[in-house]
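Trainee: model the structure of this input:
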Amino acid sequence: MSDYVSVEWVLPRDILGQIFESLHPKSIAACTCVAKEWMDVVLNEPTLEKMMKLERAWRFSEIPPTHYDKENFFTYDWAKRGEKIALGGLEGILMLTLETGEVLWRLGQEAGGINAVCFFNDMLVSGNQDDHICGWEPTTGEELFCMPVLSMPRFGGGVKKIVDLGDYFAIGGWRGELETYKKAELTQFGVLEGHNEQIHSLVSANEGKMLVSGSEDRTIRVWDVLRSTCVNIITTRSDCLDVSSNVIVSGCNDGWIRIWGLNTGERLCAWRKKRRICRVGFDGSRLVTKIGDKWIKVWNVSEKKCIRTFKMIEKEDEYTTGVWINEQSLGTISNKGQIALWDFSSVLESRTWSEDLE
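Mentor: Sure, this is the predicted structure:
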């Protein structure tokens, strides 16, 4: 049967039901608008319900997300630990709980403009626009420490990224500066030289023993933290990346998604979308990508299939600053402080379509 069907006469219900059951979901989508007009005459309720379910499965998962809209909080970076999530931005820091969206505490001008936030074991650490890093008690917002970064005069614009490395942490700058610090003493441990343009991503790997950095100088670098040396250089354009299970995933504004071996730097696979890749998140088996202005896709990397598609409606001048994925949920955060959560348990597990990777 062809993909598209034109019906100009009324068929018996049982025959019509068999036709719709045999259609590809694309055909179902094309026929739905026709069926609605004469469904009272020729379609029984179960057939119509199945037809509509197939159409939604093909188009996207129409599951309304839980929204926490902090509209007046312009967000540069975010950090998640358990049910707590911290937003850092132009107006300071906002700490809230994902379960209810309740704001636990908020710091404004006293915190300064915040470019980066990161959870350590017992505190939240922020990278400020005034060339300082500060630690905050995650429940109360009490300041625990505040210190200038030694090389900050050459950073220009403050700390861009912070990442937890177990006994150490790393900070990245706007001009490619990258340094590691000892947590206990809050003293500089190493200077990682190599990048010469803004660092857009810092990700811990191998339980903090390795660090992966992505820069606008068109390189991804893998570092040995204890030796303060670069062990791998991947030459590629990237705008976002994530790491899990010895695999690096990079996304780019030109639409390319690439997967690399952490230890080898070898490209394992790559595929391209028509729209820019704004953000990526990877949990070791599933990859979530924010594509263009509207779409979020979840991929099963081992099977090379798209298994979920979610539609987002962004406001004017709004864009996604972060995504994450775990067993139960998918989450996104926008630059305007909007947090959206999708519950995977309410999604149909079976799908009659897939989008193969190129």
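Trainee: could you check which helix or strand contains the residue nearest the centre of the chain?
Mentor: Nearest to the mean C-alpha position of the chain, by Cα atoms, centre = their mean, lies Val323 at 2.2 Å. Using DSSP states H and E, Val323 sits within strand 320-325.
Trainee: which strands border the helix or strand following that strand, and is each parallel or antiparallel?
Mentor: Later in the chain than strand 320-325, the nearest helix or strand by DSSP H and E is strand 329-334. Partner strands for strand 329-334, per DSSP bridges, with pairing direction: strand 320-325 (antiparallel), strand 338-343 (antiparallel).
Trainee: gap between the last one and the chain center?
Mentor: Taking Cα atoms, centre = their mean, to the nearest Å, the mean C-alpha location of strand 338-343 is offset from the chain mean by 12 Å.
Trainee: where along the stretch 201-350 of the chain do the strands fall?
Mentor: Taking DSSP state E, counting those that start in this stretch, the strands of the stretch 201-350 of the chain run over residues 210-215, 219-224, 229-235, 240-244, 247-251, 256-261, 267-272, 277-282, 286-291, 295-300, 305-311, 320-325, 329-334, 338-343.
Trainee: Tyr76: which of those is closest?
Mentor: strand 320-325 (7.0 Å; Cβ to Cβ). All C-beta spots, glycine's among them, are computed from the backbone N, C-alpha and C.
Trainee: distance of the closest residue to Val212 other than its chain neighbours from Gly92?
Mentor: Of all residues not flanking Val212 in the chain, Val203 sits nearest, at 4.7 Å (Cβ to Cβ, 6 or more residues apart in numbering). Summarising the geometry, the distance separating Val203 from Gly92, computed by Cβ to Cβ, to the nearest Å, is 25 Å.
Trainee: for Gly166, give me its contacts.
Mentor: By Cβ atoms under 8 Å, 6 or more residues apart in numbering, the contact set of Gly166 is Ser204, Glu207, Gly208, Lys209.
Trainee: of those - the most surrounded one?
Mentor: When neighbours are counted by other Cβ atoms under 10 Å, Ser204 leads the contacts of Gly166 with 20 neighbours.
Trainee: residues in a beta bridge with it, which ones?
Mentor: According to DSSP bridges, Leu211 are recorded as the beta-bridge partners of Ser204.
Trainee: before we move on, the earlier item: outside of the strand holding Val323, which residues touch it?
Mentor: Surrounding strand 320-325, the residues in contact under the criterion Cβ under 8 Å, 6+ apart are 75-78, 80, 278-283, 286, 288-290, 296, 298, 312, 314, 330-335.
Trainee: of those residues, keep whichever come out buried.
Mentor: 75-78, 80, 278-283, 286, 288-290, 296, 298, 312, 314, 330-335 (16 or more other Cβ atoms under 10 Å).
Trainee: below-threshold pLDDT in the stretch 151-300 of the chain: ranges please.
Mentor: In the predicted model of the stretch 151-300 of the chain, residues 151-157, 293 satisfy pLDDT under 70.
Trainee: at 50 instead, please
Mentor: 154-155 (pLDDT under 50).
Trainee: surely Gly141 is in a helix?
Mentor: No: secondary structure of Gly141 (DSSP: H, G, I helix; E, B strand; the rest coil): coil, not part of a helix.
Trainee: once you drop chain neighbours, what's closest to it?
Mentor: Among residues not flanking Gly141 along the chain, Trp105 sits closest, at 3.7 Å (Cβ to Cβ, 6+ apart).
Trainee: check Arg279 too.
Mentor: Setting aside the residues directly before and after it, Arg279 is nearest to Lys290 in space (Cβ to Cβ, 6+ apart), at 4.2 Å.
Trainee: I figured that neighbour was touching Cys278, is that so?
Mentor: Yes: the pair Lys290 and Cys278 passes the contact test of Cβ atoms under 8 Å, sitting 4.3 Å apart.
Trainee: wait, what's in contact with Thr187?
Mentor: For Thr187, the contacting residues are Tyr181, by Cβ under 8 Å, 6+ apart.
Trainee: who's it bridged to?
Mentor: Listed beta-bridge partners, Thr187: Lys182 (assigned using DSSP bridges).
Trainee: any idea how far Val103 is from it?
Mentor: For Thr187, the distance to Val103 (Cβ to Cβ) stands at 34 Å.
Trainee: much appreciated, bye for now.
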